[in-house]
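Asks: no FASTA, just this:
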């Protein structure tokens, strides 16, 4: 009975260790994913800011009175 108890305890200890290690790996994976998503979020936020500025610029151009084609091309080139 004593040997069986210690054998079961050892099996349980090993199972608990495997479980802790798996949990730790899952946490590490989640942390890496979170860091990657935060980096992507910063990139897309910057892209969004840039695109909104471009939209605002083009809306301002469209709100102006009509101009010649050559003047319009010049304005568009300066916007880039």
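Replies: Done, it's in. Quantities reported herein were computed from a predicted structural model and do not represent experimental measurements. Numbering: from 1, shown residues only.
Asks: show me the shaky parts of the chain.
Replies: 1 (pLDDT under 70).
Asks: please enumerate the helices of it.
Replies: Assigned helices in the chain, in chain order: 2-63, 69-79 (criterion: DSSP state H).
Asks: how near is the most centrally placed residue in the chain to residue 44?
Replies: Nearest to the mean C-alpha position of the chain, counting by C-alpha atoms, centre = their mean, stands residue 37 at 2.3 Å. Distance, residue 37 to residue 44, by C-beta to C-beta, to the nearest Å: 10 Å. Where you see a C-beta, it was placed from the backbone N, CA and C, and this is true even at glycine.
Asks: and residue 28, by the same measure?
Replies: 25 Å.
Asks: ok, residue 36 next?
Replies: Going from residue 36 to residue 44 by C-beta to C-beta gives 13 Å.
Asks: what does residue 77 give?
Replies: 28 Å.
Asks: quick one: neighbours of residue 77, just the number.
Replies: 8 (other C-beta atoms under 10 Å).
Asks: ok, residue 6 next?
Replies: Around residue 6 there are 10 other residues, counting by other C-beta under 10 Å.
Asks: repeat for residue 72
Replies: With other C-beta under 10 Å as criterion, residue 72 counts 13.
Asks: give me every residue that touches the residue nearest to it when sequence neighbours are not counted.
Replies: With C-beta to C-beta, 6 or more residues apart in numbering as the measure, residue 61 is the residue that lies nearest to residue 72, at 7.9 Å, once sequence neighbours are left out. Taking C-beta atoms under 8 Å, 6 or more residues apart in numbering, we find residue 61 in contact with 72, 75, 76, 79.
Asks: one more time with 10 Å, if that's ok
Replies: Residue 61 is in contact with 67, 72, 75, 76, 79, counting by C-beta atoms under 10 Å, 6 or more residues apart in numbering.
Asks: pretty sure the fourth one sits against residue 58.
Replies: Yes - in this structure residue 76 lies within contact range of residue 58 using C-beta atoms under 10 Å: 9.0 Å.
Asks: ok, back up a step: between the contacts of residue 61, which is nearest residue 22?
Replies: Distances from residue 22 to the contacts of residue 61, taken as C-beta to C-beta, are shortest for residue 79 (54.2 Å).
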